[in-house]
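1. got a sequence here, can you build the structure:
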Amino acid sequence: MPQNSSYPSIPRALSSKRSERMRAVLSLLHEQTSMSLGMLAAEVGTTTATLRRDLADLDEQGLLIRTHGGARALDARNEIPVRLRNNQYREAKHLIARRTVEMIPPGPYALALSGGTTTEEVARALRNRSELTIVTNSLTIAMECAARPLIKVIITGGVVRQSSFEAVGFLSEYTFNAINVATAVLGTDGISAAGGVTTHDETEARTNHAMVAKARRVIVVADGSKVGQVTFAKMADLSEIDDFVTDSSANPEALALIAESGIVVHVVNLALTRSSDAEALAADGS
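-> Okay, the predicted model is just below:
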């Protein structure tokens with residue numbers, strides 16, 4: 001059957017190297033709005049021929065606009081799609097997820113998870129838990145958890161955002177408003193004393209706030225690059241957050257201001273993990 005051009009293209013399977021390159025291109029255009037082919041190739045460290053193929057693919061998927069001799073961003077507020085963010089800060093997200101799971105008590109427990117690559121790591125880290133009920137608006141997290149026979153999964157309705165694979169809007173908010181959960185784990189694009197907990201899309205922000213409002217405890221998870229950042233739409237005030245789990249790459253001044261709001265801040269140490277890995281490799285080689 002021929003593909004109907006009115007439908008968005010199906011996300012392609014990408015190598016980690018290519019996804020990182022495409023993510024870098026979108027990040028550069030987010031900052032600069034438009035750039036020439038030569039400038040982009042130099043910044044991401046590839047040939048212009050390779051970059052032309054990347055730009056054609058990104059243009060076809062509606063993530064940028066190709067121009068004569070370069071490319072420009074669609075919208076300064078556009079976020080990088082989740083499929084291109086999966087390889088960013090993997091070590092930090094893994095450690096953050098492990099620390100977050102330690103904060104979830106054993107036994108029967110109702111847990112809400114927002115979408116995002118860090119919350120997806122939390123879902124993976126729950127693989128050996130039983131008697132959990134997971135409520136989520138993320139298609140990727142629902143699929144991750146549904147394969148576990150000891151975990152019950154409730155997925156909200158709503159309109160699925162192409163960039164994040166999250167269901168948002170009235171149906172999703174209605175589901176969150178109709179239930180109560182012990183803990184909500186919220187991913188974010190930015191967290192700061194000035195802006196609170198923020199994301200790129202206002203509809204996603206309203207949906208996630210509905211999740212926050214119905215939880216007895218709220219844990220925000222984000223790698224250090226998100227600390228001190230403010231994006232377009234507020235999901236929650238800091239006064240609504242109980243715990244924040246991040247990594248040691250976070251700006252210490254921004255973290256101190258967040259802690260002053262009364263949030264319990266948990267910082268996983270990347271340096272210790274890298275040191276342990278180096279020692280293990282040295283021992284294997286001896």
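2. what's the closest non-adjacent residue to the residue nearest in space to the middle of the chain?
-> Nearest to the geometric centre of the chain sits G116, at 3.0 Å (Cα atoms, centre = their mean). Residue nearest to G116 in three dimensions, not counting chain neighbours: G187, with 2.7 Å by Cβ to Cβ, 6 or more residues apart in numbering. No exception for glycine: its C-beta is placed from N, CA and C like everyone else's.
3. wait, the residue nearest to the centre of the chain touches S138, no?
-> Yes - between G116 and S138 there is a contact at 7.5 Å, judged by Cβ atoms under 8 Å.
4. okay, and the common contacts of the two?
-> By the contact definition Cβ atoms under 8 Å, 6 or more residues apart in numbering, G116 and S138 are jointly contacted by S164.
5. what residues are up against the residue nearest to G116?
-> Contacts of G187 by Cβ under 8 Å, 6+ apart are 114-119, 220-222.
6. try 10 Å this time
-> 93, 113-122, 138, 141, 164, 166, 197, 199, 208, 220-222, 226, 235 (Cβ atoms under 10 Å, 6 or more residues apart in numbering).
7. what stretches of the chain score poorly on pLDDT?
-> Scanning the chain for pLDDT under 70 picks out 1-14, 75-88, 272-286.
8. break it down into its domains, please.
-> 16-84, 89-273 (automatic domain parsing).
9. so of the ones you listed, which one's packed in deepest?
-> Highest mean neighbour count of the domains of the chain: domain 89-273, a mean of 19 (counted as mean count of other Cβ atoms under 10 Å).
10. from memory A73 sits against D59, does it?
-> No - counting by Cβ atoms under 10 Å, A73 sits too far from D59 to count as a contact (11.6 Å).
11. intersection of neighbour lists for those two?
-> I65.
12. picking up where we left off before, which ones among the contacts of G187 map onto strands?
-> 113, 197, 199, 220-221, 235 (DSSP state E).
13. quick check, nearest of those to K17?
-> K17 lies nearest to V221 out of the ones in strands among the contacts of G187, by Cβ to Cβ, at 26.4 Å.
14. show me the contacts for the closest one.
-> Applying Cβ under 10 Å, 6+ apart, the residues near V221 are 93, 96-97, 99-100, 113-114, 116, 118-119, 121-122, 185-188, 191, 243-246, 266.
15. and the gap between it and T33?
-> Plainly put, V221 is 31 Å away from T33 if you go by Cβ to Cβ, to the nearest Å.
16. and if you look at D201?
-> From D201 to T33 the distance is 20 Å (Cβ to Cβ).
17. just G158 next, same as before
-> 31 Å.
18. dump the C-alpha coordinates for stretch 254-270 into CSV.
-> Below are the C-alpha coordinates for stretch 254-270, written out as CSV (Å, rounded to 0.1, in the frame of the first residue of the first chain):
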residue,chain,number,x,y,z
ALA,A,254,21.0,26.2,41.0
LEU,A,255,20.6,23.0,43.2
ALA,A,256,21.1,25.0,46.4
LEU,A,257,18.3,27.4,45.4
ILE,A,258,16.0,24.4,44.6
ALA,A,259,16.9,22.8,48.0
GLU,A,260,16.0,26.1,49.8
SER,A,261,12.4,25.7,48.6
GLY,A,262,12.1,22.7,50.9
ILE,A,263,12.6,20.0,48.3
VAL,A,264,14.8,17.0,49.4
VAL,A,265,17.6,16.9,46.8
HIS,A,266,19.3,13.6,46.0
VAL,A,267,22.5,13.7,43.9
VAL,A,268,24.0,10.6,42.4
ASN,A,269,27.8,10.8,42.0
LEU,A,270,28.9,10.2,38.4
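19. distance from that stretch to the middle of the chain?
-> 19 Å (Cα atoms, centre = their mean, to the nearest Å).
20. check stretch 96-116 too.
-> On Cα atoms, centre = their mean, the centre of stretch 96-116 falls 16 Å from that of its chain.
21. what is the end-to-end distance of it?
-> 13 Å (Cα to Cα, to the nearest Å).
22. contacting residues for I219?
-> 99-100, 103-104, 111, 119, 122, 183-186, 241-245, 263-264, 266.
23. okay, and the beta partners of it?
-> Counting by DSSP bridges, I219 is bridged to V185, D243.
24. so it versus Q162, what's the distance?
-> I219 is 27 Å from Q162, by Cβ to Cβ.
25. then D59?
-> Distance from D59 to Q162, by Cβ to Cβ: 15 Å.
26. ditto for L55
-> 19 Å.
27. same check on E260?
-> Relative to Q162, and taking Cβ to Cβ, E260 is found at 38 Å.
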